[in-house]
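*Asks:* build me a model:
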Amino acid sequence: MTSAHLAEPSYGIPVSPLLTCHPDKQRLYGADTYYQESHEQLAALTGDLTGFAHRHAVLLLKPDAVVTRRLDAAVDWLSAQGLRIVGAAVTRLTRTMIRSLWYFQWNLATPYRRRLAALFLEDADALVLLVRPEYDLDVPASVELTRLKGPTDPDARRPGQLRHLLGRYSYLLNLAHTADEPADVLRELAVHFDATARDRLFRSALADEDRTAEALELTGRLYSATKPRDLDFDPALARLRDAVRRHGGAAPATNARALLESAWAEGIDLDPWDTVIVGSKVLPMRQPGRAPVLDGADADTWRRHLDAVHATAN
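*Replies:* Numbers count the residues shown, from 1 in each chain. This next block holds a predicted model:
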């Protein structure tokens with residue numbers, strides 16, 4: 001048998017170790033259609049694809065940030081952190097897009113989490129911001145923005161973090177998402193946007209244009225297209241109990257989880273936002289004992305990784 005017959009088949013394009021800390025992500029993203037599309041398009045626009053991916057980060061302000069009217073607060077926060085908006089666009093988080101964005105993490109999701117996410121993520125448009133630090137970093141901009149954004153757990157968020165500022169509602173209602181690593185910046189832009197929209201964002205960022213005014217204009221459009229909502233638990237639970245009473249079925253359960261499950265079983269039409277507010281507090285969101293297929297890496301891990309990559313190159 002010849003060496004050609006023994007060679008492993010190639011399933012995708014090479015992904016530089018400068019774009020991710022994870023060898024598995026290199027392999028899987030190289031064969032991922034979304035990543036390939038962004039990689040190939042950006043490579044045609046610049047000879048410094050790796051530098052671009054390191055210098056830029058992606059912030060998704062989700063529908064919960066829209067209905068709570070926190071988009072402009074996020075724009076102000078970015079400016080205070082020395083992060084300039086160089087691209088802005090509206091996206092709609094459809095069922096397919098939700099699964100594509102978190103394809104390598106949603107193996108952790110419970111059926112409850114998937115059901116609730118569909119209720120609020122698809123309810124309104126969202127805002128994507130491409131940002132660039134106005135200062136030098138020793139880690140990728142995506143890693144730094146993820147650190148500054150704060151954790152998913154609302155009890156672990158701290159003052160100064162974006163998610164603390166925007167509102168500490170629940171694990172699911174966290175208002176903001178960031179691309180974890182440079183490779184994720186490229187992949188997620190392709191999940192959200194077609195080639196034409198990506199070209200506009202890439203060219204704007206490469207020209208280092210300030211798109212803050214555009215971000216605020218889009219903020220106004222998103223606000224005008226949606227009704228404001230509060231995301232507080234107690235009022236939402238009271239409204240759900242009233243909805244069950246009006247339905248004329250069994251007396252509402254005292255336990256919030258039982259209330260939701262019985263209402264679903266009876267086919268009672270519940271307000272989507274109230275369902276998410278209550279459900280994300282009382283229903284399990286994560287399958288026990290599971291790890292994500294792929295994850296991000298913190299700043300210290302990235303510093304060690306970059307040292308190792310540069311040492312190998314030398």
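
*Asks:* and the nearest residue to Thr20 once chain neighbours are set aside, how many neighbours does it have?
*Replies:* Spatial nearest neighbour of Thr20, chain neighbours left out: Ala183 (4.3 Å); criterion: CB to CB, 6 or more residues apart in numbering. (Glycine included, C-beta is placed from N, CA and C.) Ala183 is flanked by 30 other residues according to other CB atoms under 10 Å.

*Asks:* ok, residues contacting the one helix or strand Ala183 maps to?
*Replies:* Here Ala183 is covered by helix 182-192, with elements defined by DSSP states H and E. Contacts to helix 182-192, defined as CB atoms under 8 Å, 6 or more residues apart in numbering, come from residues 15, 18-20, 25-26, 29, 32-35, 37-39, 42, 50, 53-54, 56-58, 60, 89, 91, 97, 100-101, 128, 130, 140, 142, 179, 198, 201, 296.

*Asks:* what kind of secondary structure is Leu60 in?
*Replies:* Assigned by DSSP: H, G, I helix; E, B strand; the rest coil, the conformation of Leu60 is strand.

*Asks:* tell me how far the most centrally placed residue in the chain lies from Glu214.
*Replies:* Nearest to the mean C-alpha position of the chain, by CA atoms, centre = their mean, lies His177 at 3.2 Å. With distances taken as CB to CB, to the nearest Å, His177 is found 20 Å from Glu214.

*Asks:* Provide a list of residues in contact with Val15.
*Replies:* Counted by CB under 8 Å, 6+ apart, Val15 has contacts 25-27, 29-30, 35, 39, 183.

*Asks:* biggest separation within those, which pair?
*Replies:* With distances taken as CB to CB, the most widely separated pair in those is Arg27 and His39, at 14.3 Å.

*Asks:* tell me which of the two has more neighbours.
*Replies:* Comparing Arg27 with His39 by neighbour count (other CB under 10 Å), the higher total belongs to His39, at 25 against 13.

*Asks:* thought that one was touching Pro14?
*Replies:* No: contact criterion CB atoms under 8 Å: His39 and Pro14 do not qualify, at 9.5 Å.

*Asks:* run the chain-centre distance for the helix or strand harbouring Thr196.
*Replies:* In this structure, Thr196 sits in helix 195-206 according to DSSP H and E. Centre-to-centre, helix 195-206 and its host chain are 19 Å apart (CA atoms, centre = their mean, to the nearest Å).

*Asks:* what residues of the helix or strand following it count as buried?
*Replies:* Scanning forward in sequence from helix 195-206 by DSSP H and E, the next helix or strand is helix 212-224. For helix 212-224, the neighbour count (16 or more other CB atoms under 10 Å) marks 212, 214-215, 218-219, 222 as buried.
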